[in-house]
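>>> compute the structure for the input listed below.
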Amino acid sequence: MVLNISILGFNLTKISGWKNPEFKGKIEISTSINISSIDKKEFPLLNDEVLKVVFSFKIIYKELGEISLEGELLLRTDKKIFKDVLKEWKEKKVNTEFQTLVLNLIIQRCSIRAIELEEELNLPIHINLPTLKLEKKEN
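This next block holds a predicted model:
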């Protein structure tokens, strides 16, 4: 099943980061994504209701530091998916396909901002960026 979902908004509501300049040791990086709520929200421009997904995204460097982003995602979908998602969320469950789509959107949007913060705080980048490698030519 392919979900018919449009992104109407992605807003960060809280951005924070810190680094321990005295840290010495092995760097360990973990990522945490949490959906704290899914509600309906009036969207006057469309004269319709949309899904509002409130989330948090953290990159944890143990004692070295942390980057934390919180925000909301506004999604438009068909009425059936809209009702199903709200009904499932009452039990803190979400359709796997919907959850995968939402988590990927959060990862993509937050990773871009997180890389900027990692650069500013001089923290290691949490994802592998593409790199070029030289190939040796055989004669």
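
>>> residues of stretch 7-22 that come out buried?
Neighbour-count burial for stretch 7-22 flags Leu8, Phe10, Gly17, Lys19 (criterion: 16 or more other C-beta atoms under 10 Å). For every residue, glycine as well, the C-beta is placed using N, CA and C.

>>> identify the residues contacting the third one.
Pointing back at Gly17 there. Counting by C-beta atoms under 8 Å, 6 or more residues apart in numbering, Gly17 makes contact with Gly65, Glu66, Ile67, Ser68, Leu117, Glu120, Leu121, Leu123.

>>> export the residues you listed to TSV and tack on neighbour count, pLDDT and distance to Asp48?
Formatted as TSV, the contacts of Gly17 follow (neighbours: other C-beta atoms under 10 Å; pLDDT from 0 to 100; distance: C-beta to C-beta, whole Å):
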residue	neighbour count	pLDDT	distance to Asp48
Gly65	22	96	42
Glu66	18	97	38
Ile67	26	98	34
Ser68	18	98	32
Leu117	18	97	34
Glu120	11	96	39
Leu121	16	96	40
Leu123	22	96	41
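
>>> now, the residues you listed that are in strands?
Counting by DSSP state E, the part of the contacts of Gly17 found in strands is Gly65, Glu66, Ile67, Ser68.

>>> now those in JSON lines, with distance to Ile107?
As requested, those are exported to JSON lines (distance: C-beta to C-beta, whole Å):
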{"residue": "Gly65", "distance to Ile107": "20"}
{"residue": "Glu66", "distance to Ile107": "17"}
{"residue": "Ile67", "distance to Ile107": "13"}
{"residue": "Ser68", "distance to Ile107": "15"}
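
>>> go through those and say which is closest to Ile59.
Using C-beta to C-beta, Ile67 comes nearest to Ile59 of those, at 4.5 Å.

>>> gap between that closest one and Ile127?
Separation of Ile67 from Ile127 (C-beta to C-beta, to the nearest Å) stands at 12 Å.

>>> likewise Leu121?
Distance, Leu121 to Ile127, using C-beta to C-beta: 16 Å.

>>> circling back: show me which pair in the ones in strands among the contacts of Gly17 is furthest apart.
Greatest spatial distance among those (C-beta to C-beta): Gly65 and Ser68, at 10.4 Å.
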